[in-house]
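Chemist: what's the 3D shape of this:
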Amino acid sequence: MDKQLVPAPFRFAGSRVNSERPCPVCGKQAEADLTCDTNEQEIFCQHCGFLATTELVTVNGKEFWEETKRFPVDADGKVQRGKLQML
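Modeler: Residues are numbered from 1 along each chain as shown. Purely as a prediction, here's the structure:
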């Protein structure tokens, strides 16, 4: 009896996966994009304006993850962090 090999996980070069997930600030549905070959991500909420990106950057020949977050501000000038509230 021949053994069957299970193929290792694979990625499609250049493919993107689009989905929705709860916004960590307002809790409504936010757009989420994942670039499969680099694992770069972006979450954008059209309701409150929250934006989070994770990108692969190269600095002096070394690779790093760069994370950027943009939070909405209310009428009083206070940053709205929702579930990401700092302690």
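
Chemist: Gln46 against Glu20, yeah?
Modeler: No - if you go by C-beta atoms under 8 Å, Gln46 and Glu20 don't touch, sitting 10.6 Å apart. Backbone N, C-alpha and C define where each C-beta goes, glycine included.

Chemist: who touches both of the two?
Modeler: By the contact definition C-beta atoms under 8 Å, 6 or more residues apart in numbering, Gln46 and Glu20 are jointly contacted by 30-31.

Chemist: what about the helix or strand bottoming out on mean pLDDT in the chain, distance to the chain center?
Modeler: None of the helices or strands of the chain scores lower by mean pLDDT, DSSP states H and E than strand 16-22, at a mean of 89. Centroid separation for strand 16-22 versus its chain: 9 Å, with C-alpha atoms, centre = their mean, to the nearest Å.

Chemist: which helices and strands does it pack with?
Modeler: Packing partners of strand 16-22 (3 or more C-beta pairs under 8 Å, 6 or more residues apart in numbering; DSSP states H and E): strand 29-35.

Chemist: Quick check: can you name the pairing partners of the strand it packs on and their directions?
Modeler: Using DSSP bridges, strand 29-35 pairs in its sheet with strand 16-22 (antiparallel), strand 40-44 (antiparallel).
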